[in-house]
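Colleague: please work out how this folds:
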Amino acid sequence: MLLTLLLTAGYALMGAGIGAGIVAIGAGIGIGRIGGQAMEGIARQPEAGGRIQTAMLIIAALIEVIALFGVVVCLLIATSDAITF
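Modeller: Have a look, this model is predicted:
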């Protein structure tokens with residue numbers, strides 16, 4: 001019984017770590033793509049640079065909020081005392 005509980009807790013910690021890593025990678029890729037596409041859009045239409053930059057910052061902030069939420073969920077999974085399956 002105790003061994004099963006320890007294994008379950010270990011799997012939960014491992015899953016939380018992997019999940020946090022995937023969230024961080026996804027946020028990095030998303031923000032990188034947004035930045036690259038925004039720079040390309042500004043290069044094609046310099047007169048629309050202000051609007052493109054504003055939209056880019058809003059979307060980047062939303063991606064960061066989603067990433068933070070994902071990391072918090074992983075942290076809650078990792079620190080949960082009642083891990084039972």
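
Colleague: low-confidence ranges in this structure?
Modeller: Scanning the chain for pLDDT under 70 picks out 1-3, 5, 81-85.

Colleague: spatially central residue for it, please.
Modeller: Centroid-nearest residue in the chain, with CA atoms, centre = their mean: residue 67, separated by 2.7 Å.

Colleague: and the closest residue to that one other than its chain neighbours, what does it touch?
Modeller: Leaving out its chain neighbours, the residue that sits closest to residue 67 by CB to CB, 6 or more residues apart in numbering is residue 27, at 3.6 Å. Where you see a C-beta, it was placed from the backbone N, CA and C, and this is true even at glycine. By CB atoms under 8 Å, 6 or more residues apart in numbering, the residues touching residue 27 are 63, 64, 66, 67.

Colleague: any idea how far residue 45 is from residue 27?
Modeller: To residue 45, residue 27 is 27 Å away according to CB to CB, to the nearest Å.

Colleague: mind giving me the packing neighbours of the helix or strand hosting residue 51?
Modeller: Assessed by DSSP states H and E, residue 51 sits inside helix 49-78. Judged by 3 or more CB pairs under 8 Å, 6 or more residues apart in numbering; DSSP states H and E, the packing partners of helix 49-78 are helix 2-44.

Colleague: the helix it packs on versus helix 49-78: what angle between them?
Modeller: Following axes from the mean of the first three to the mean of the last three CA atoms, to 10 degrees, one obtains 180 degrees for the angle between helix 2-44 and helix 49-78.

Colleague: appreciated, that's everything.
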